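Undergrad: mind folding the following:
(chains A and B)
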Amino acid sequence: MNHVPSELRYSKSHEWVRLEGNGIAIVGITDHAQSLLGDLVYVELPEVDTSLKAGDEAGVVESVKAASDVYTPVSGEILEINEALATAPELVNDDPYGHGWLFKIQLDDENELEELLDSDGYEEMIAADDH
Amino acid sequence: MTKRTMLYEQHVLAGAKMVDFAGWEMPIHYGSQLQEHHQVRQDCGVFDVSHMAIVDVLGPGARDYLRFLLANDIDKMTSRGRSLYSCMLNDRGGVIDDLIVYFVDVNKYRIVLNASRRTQDLDWMNQQAEGFAIGLHQRDDLSMVAVQGPNAIAKVQSLLTPAQLDLAVTLRPFDCAENEQIFIARTGYTGEDGYEIIMHSENIIEFWQRLLAADIKPIGLGARDTLRLEAGLNLYGNDMDETTHPLESMLGWTIAWEPYERLFLGRAALELIKAAEPNRKLVGLVLEGKGILRQHHKVIFPGIGEGEVTSGGFSPTLNKSIAFARVPATAGDTCLVEIREKQIPAKVVKPPFVRHGKILVQ
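TA: Next up is the predicted model:
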């Protein structure tokens, strides 16, 4: 069973968002997503200071198997990216909600989070995908 | 309806993630493809390759038939107990399949074919059998495992019965031997030393369990692909198929042009291609910039022309992305690969990238 922390919000494209306060959020991909992809070998992240709209492409995660686009679930400006992933993409596999985070974003509108799935909603979605 | 090998339950027990491969439910990995790759390069591991088709060519016409059917010459095997890699070509010189043929005995050769090509191969082989005193015996009663890696030979030998050990100890690379219970060959698809072992399906589960009990780790098809790519070994369907010929597929070395009198299938077409000089070739690529090379990426040689990646991925041993690409014959040492609308520089190299655990390209 893949881990789905209850304090996070989720997109249908398998990203998670954690509100950090001060209108800042952290985004990553879910445990379910990393386990479907298999061992990650390359991560491409957006440039810092880029402004993105919710649903925009924000990078690519590549596993031994395939490349998969990452979309930002929320609109805002990229504040910071997880530089460690350049040399250690496996952090996403090992700790998708922790050391494997992808980017930090200054939110345009905190209310956007309300439009995302909560953990129950996301769990239901991936359970339905498995059947 | 997907098929399962005898070892299906064993894979599930070992925690495998099963996927459809050529109509077979096969393990892609048992947790981590990367770890499995390193396991084979550094120690050893076991693959279930029972999905591959085993066909015995029997009868007094076996030698003549195979010298007609195959582009490589089985007479290179000067004694029993040897093996040979060959392409089987169509009339246009295109590759129907690549295979290993084992010279088991006079009047008995054993062929191992790609799972994805089983039907086409057998149709073709039956069609070409007319006039030869042979029988084609498809051995669906057998199962096959490959144990590969620097410690494979020693570890397997420690598990064999005295009679089996007698067979195994004498084998040099590319040799094979069999008795009533077991067929052992010192061949593989990883660039490492090891055995490929065939036995009756009823015995394979017990043998598999014995291998795992001796701490030989199961390895999935995912690592098998990255291992063979590093080893510079082609994959049918990616790197060659019925529309490409061996001379543009890094397989020129497998064509036995001599003796001239041997009129193997595809020879006439291949002679013409050779005389005109092929305008494409298959090469190795090492990506210099960031990203991962994947099949069908466009490869650009400025001022010369373009080509395409046929197999690509991440090389765990080099910790870089590597690929095979079919490119213009006149292509130079460097190129650009188009990855998601960006052009990333790559270096052209001659595979293998890795053999016996050692990196061979700069």
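
Undergrad: quick one, helices of chain A?
TA: Taking DSSP state H as the criterion, chain A carries its helices at A:31-37, A:91-94, A:119-129.

Undergrad: looking at these, which is buried most?
TA: Among the helices of chain A, ranked by average contacts under mean count of other C-beta atoms under 10 Å in any protein chain shown, first place goes to helix A:31-37 (a mean of 20). C-beta here means a position set from N, CA and C on the backbone, and glycine is covered the same way.

Undergrad: pull the residues that contact that one.
TA: The list of residues contacting helix A:31-37 from outside it, by C-beta atoms under 8 Å, 6 or more residues apart in numbering or on different chains, reads A:2-4, A:14-15, A:40, A:61, A:63, A:65-66, A:68, A:92-93, A:96-97, A:100, A:126.

Undergrad: so where's chain A uncertain?
TA: For chain A, the stretches with pLDDT under 70 are A:1, A:131.

Undergrad: who in it is up against chain B?
TA: Residues of chain A lying near chain B by C-beta under 8 Å from any C-beta of the partner chain: A:38-39, A:41-42, A:44, A:60, A:62, A:64-67, A:90.

Undergrad: just the buried ones among those, please.
TA: By neighbour count, with 16 or more other C-beta atoms under 10 Å in any protein chain shown, these hold A:38-39, A:41-42, A:44, A:60, A:62, A:64-65, A:67, A:90 as buried.

Undergrad: the residues you listed: which two are farthest apart?
TA: Pairwise distances across those (C-beta to C-beta) peak at 17.3 Å, for the pair A:38 and A:44.

Undergrad: ok so, going back, and the buried ones among the residues of chain A next to chain B, which of them are in strands?
TA: If you go by DSSP state E, those have A:41-42, A:44, A:60, A:62, A:67 in strands.

Undergrad: got CSV for those, with distance to residue B:174 too?
TA: Output for those, formatted as CSV (distance: C-beta to C-beta, whole Å):
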residue, distance to residue B:174
A:41, 33
A:42, 36
A:44, 43
A:60, 42
A:62, 36
A:67, 37
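
Undergrad: which residue is the nearest non-sequential neighbour of the residue of chain A found nearest chain B?
TA: Taking C-beta to the nearest C-beta as the measure, chain A has residue A:41 as its residue closest to chain B, at 3.9 Å. Excluding its sequence neighbours, the residue lying closest to residue A:41 (C-beta to C-beta, 6 or more residues apart in numbering or on different chains) is residue B:314, at 3.9 Å.

Undergrad: re the thing from before, buried subset of the contacts of helix A:31-37, written for ChimeraX?
TA: Command for ChimeraX that selects the buried part of those, burial taken from 16+ other C-beta under 10 Å:
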select /A:4,14,15,40,61,63,65,68,92,93,96,97,100,126
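
Undergrad: any idea how far the most centrally placed residue in chain A lies from residue A:72?
TA: Note on chain A: the residue nearest the mean C-alpha position is residue A:28, at 2.4 Å, using C-alpha atoms, centre = their mean. Going from residue A:28 to residue A:72 by C-beta to C-beta, to the nearest Å gives 11 Å.

Undergrad: joint contacts of those two?
TA: Between them, residue A:28 and residue A:72 share these contacting residues under C-beta under 8 Å, 6+ apart: residue A:15.

Undergrad: and the residue lying closest to residue B:57 once chain neighbours are set aside, what element?
TA: Nearest non-adjacent residue to residue B:57, counting by C-beta to C-beta, 6+ apart: residue B:109, 4.5 Å away. Here residue B:109, judged by DSSP states H and E, is contained in strand B:108-113.

Undergrad: may I see the buried residues of the helix or strand that that strand is followed by?
TA: Using DSSP H and E, the helix or strand that follows strand B:108-113 in sequence is helix B:118-128. Across helix B:118-128, burial judged by 16+ other C-beta under 10 Å covers B:118, B:120-121, B:124-125.

Undergrad: and the helix or strand following helix B:118-128, C-alpha only, in CSV?
TA: Remark: after helix B:118-128, the chain's next helix or strand is strand B:135-138, criterion DSSP H and E. Taking Å, rounded to 0.1, in the frame of the first residue of the first chain, the C-alpha atoms of strand B:135-138 are listed here in CSV:
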residue,chain,number,x,y,z
GLY,B,135,12.2,-32.3,-37.8
LEU,B,136,11.5,-29.1,-35.8
HIS,B,137,10.7,-29.9,-32.2
GLN,B,138,9.3,-27.0,-30.2
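
Undergrad: what does strand B:135-138 rub up against?
TA: Contacts to strand B:135-138, defined as C-beta under 8 Å, 6+ apart, come from residues B:53-59, B:122, B:125-126, B:129.

Undergrad: so for that strand, what's the average pLDDT?
TA: For strand B:135-138, mean pLDDT is 98.

Undergrad: is it true that residue B:309 lies in a helix?
TA: No - secondary structure assignment (DSSP: H, G, I helix; E, B strand; the rest coil) places residue B:309 in strand, not in a helix.

Undergrad: my read: residue B:60 touches residue B:132, true?
TA: No - assessed by C-beta atoms under 8 Å, residue B:60 is found out of contact with residue B:132, at 9.2 Å.

Undergrad: tell me how many other residues surround residue B:327.
TA: If you count neighbours by other C-beta atoms under 10 Å in any protein chain shown, residue B:327 ends up with 26.

Undergrad: direction included, what does the helix or strand it falls within pair against?
TA: In the assignment (DSSP H and E), residue B:327 maps to strand B:320-328. Here strand B:320-328 is paired, per DSSP bridges, with strand B:280-287 (antiparallel), strand B:305-315 (antiparallel).
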